[in-house]
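>>> Dropping a prediction and its sequence here:
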Amino acid sequence: MTDSQDTGTSPALDSARAGGTPSSTADEAAATTAAATTAPPETRADDGNPVAPAAAGTRTAADVVTPEVAARLTRGVVSGGGRTANHTPFTGEKLADLPESTPEDVATAFERARAAQERWAKVPVKQRAAVLLRFHDLVLRRQAEVLDLIQLETGKARLHAHEEVQAVAVAARHYGRKAAAYLKPKGHTGVVPTLTKVTELRQPRGVVGQIAPWNYPLELSVGDALPAFVAGNAVVMKPDTETALTALWAREQLIEAGLPEDVWQVVIGEGPVVGPAVVEHADYVSFTGSTPTGREVARGAAARLVGVSLELGGKNAMLVLHDADVEKAAAGAIRGCFSSAGQLCISIERLYVHESTADDFLQRFAARTKAMRLGNALAYGADMGSLVGERQLETVSRHVEEAVAKGAKLVAGGRPRPDIGPLFYEPTILDGVQAPMAVCGEETFGPVVSVYRFSDEDEAVALANATPYGLNSSVWTKDGRRGRAVAARMRTGTVNVNEAYAAGYGSVQAPMGGMGDSGLGRRHGSEGILKYTEAQTVAHQRVMPLAPSFGMTDEKYAQFMTRSLRAMKALRLR
């Protein structure tokens, strides 16, 4: 087997797996350089965003997702024979025929997972953690393969796809190194010190039902499953149909790294059909998606008294304080607003800029936005890719058109780009947005940001917090102490100072999640793995019982315990 490195080009997945030998890294790099020198210059539609040139010989969907690749990746899907398909946003063409699962197939998947989970839970945690560390290496070694799949299934630019590779590698390394410490038995002081020995154990919940979204199909599928696996659980996952190949690629790598095949079951189908069946059978539910659907998932889990973690929507704010470095803030806003075409739960949709620097900031931000290169090639070079589907394009168009019709000013973008692909939309800046424009309060989930001015920090914090959502926020200032003080007042699960979202999300030892309508529970850190466990207290009473003994009367026992309780307080026992 030959593992390909990502140099911007890669062999087809089936060639890499079948033992075909791709050209050497040096040859690939030379070919890429030569192609780039002969590629056409950037093109621009009227005064719109330029189009990133595609090097000669750039791979196509047909080169990457061959029938053999699709068959190999989907052979683990639990299905009774139904068929569906997924498509690439770049062109709208079909990528692959996929197995389609039914609620009965979901029940079968859980049966298989339960049998496998009992065996998997008996594997020592250090051996389970070693699987994650081997998986880490496989993902980095074969990243070219999954970058192609992510781009084809989501339409995002390659650099934004690489964020998923980074996030998964970081999570695999973290839980591979720290799981044993998170899960180890912990001693506690008993009711009577020395006489009561108390140990807290962490038992796996059993089979986790995971419903993963389309926007980050690698990170929000396997990235969320890794701590569940290392905690001793099995997982039945329903990925979004349109991005199922990426999740199935991750499953293939994790199995090669040592995960028993039946421990990770995959079902594919329409959300309203398959999703409730996953919730119906799960011992714990992990869901990432919209707030309305999250409420339905929570109700289903609550009816069965099983736990749930939900990462839901956001209307995230970025605050540019009066002393911010305007140039750095403008560059950060590009990352925060337009990564993955804004189809990121923690991306920025509201920009609050101090009135003293607003004009300067907006000029710099608009210039950078208008210069962003749009593209659909399976290679680095584009600054932004495509929206993922017609529904997203419709929402983006509706929000922008309504805002402009009601008086908002279009500073940049504001139009689709069918010359590049059916779902491309230019990165867009709106000024003068106000209620009741839909873009003011509704989550757009696209490359659209509204700019607002403020006069003091109290006003900015109040405006940023004036939303039912509470997922992520960003504060920009040259004064780190001021930035952290403002951050502590934000009602969001993560706050980034002088970064948009990556600093908070990438710091995996710390919890990440939402407040308010943005969800329940946390991923990352101790909370990200302990949520997949049940806490069990084992209390061993020694020498004497917690009852009258050694001939004590009830009254003498009560007096003894009263003296003991006073003594424990005096000794400052907790």
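Cool, got the structure. Here the structure is a predicted model, which is why all the values come from computation and not from measurement.
>>> which residues of the stretch 1-150 of the chain fall in helices?
13-18, 25-38, 61-64, 67-74, 103-121, 125-141, 143-154 (DSSP state H, counting those that start in this stretch).
>>> So which of those helices is the most surrounded?
Among the helices of the stretch 1-150 of the chain, helix 143-154 has the highest mean neighbour count (mean count of other Cβ atoms under 10 Å), at a mean of 27. In short, each C-beta sits where N, CA and C put it, glycine included.
>>> Toward the C-terminus from that helix, list the very next helix or strand.
Remark: after helix 143-154, the chain's next helix or strand is helix 158-183, criterion DSSP states H and E.
>>> quick one: that following helix to chain centroid distance?
Taking Cα atoms, centre = their mean, to the nearest Å, one finds helix 158-183 lying 11 Å from the centre of the chain it belongs to.
>>> Buried residues in that helix, which are they?
In terms of neighbour count (16 or more other Cβ atoms under 10 Å), helix 158-183 has its buried residues at 158-165, 167-176, 178-179, 182-183.
>>> now it and helix 125-141, what's the angle there?
170 degrees (axes from the mean of the first three to the mean of the last three Cα atoms, to 10 degrees).
>>> Quick check, central residue of this structure?
residue 220 (4.0 Å; Cα atoms, centre = their mean).
>>> what about that residue, distance to residue 213?
6 Å (Cβ to Cβ, to the nearest Å).
>>> Quick check: neighbours shared by these two?
With contacts defined as Cβ atoms under 8 Å, 6 or more residues apart in numbering, the residues shared by residue 220 and residue 213 are residue 288.
>>> Dihedrals phi and psi, residue 188?
Residue 188 adopts backbone torsions of phi -130, psi 160, taken as degrees, to the nearest 10.
>>> no wait, residue 392
According to degrees, to the nearest 10, residue 392 has phi -70, psi -40.
>>> what pLDDT does it get?
Looking at residue 392, its pLDDT stands at 96.
>>> which ones are touching it?
343, 423, 445, 446.
>>> so who does the first one touch?
Applying Cβ under 8 Å, 6+ apart, we find residue 343 in contact with 154, 156, 215, 387, 388, 392, 445, 446.
>>> just the last one next, same as before
Residue 446 sits next to 341, 342, 343, 387, 392, 393, 395, 396, 399, 425 when contact means Cβ under 8 Å, 6+ apart.
>>> between the residues you listed, which is closest to residue 253?
Set against residue 253, the nearest of the contacts of residue 446 by Cβ to Cβ is residue 343 (24.4 Å).
>>> ok, that closest one to residue 426 distance?
For residue 343, the distance to residue 426 - Cβ to Cβ - is 15 Å.
>>> can you give me phi and psi for residue 515?
According to degrees, to the nearest 10, residue 515 has phi -110, psi 160.
>>> For it, name its beta-bridge partners.
With DSSP bridges as the criterion, residue 515 is bridged to residue 470.
>>> Next, count neighbours for it.
Neighbour count for residue 515, taken as other Cβ atoms under 10 Å: 16.
>>> Looking at the contacts of residue 392, point me to the pair that's furthest apart.
Those two in those that are separated most widely, counting by Cβ to Cβ, are 423 and 445, at 13.1 Å.
>>> the strands in the stretch 301-450 of the chain, which residues?
With strands called from DSSP state E, counting those that start in this stretch, the stretch 301-450 of the chain shows them at 307-311, 316-320, 348-354, 409-412, 428-431, 448-454.
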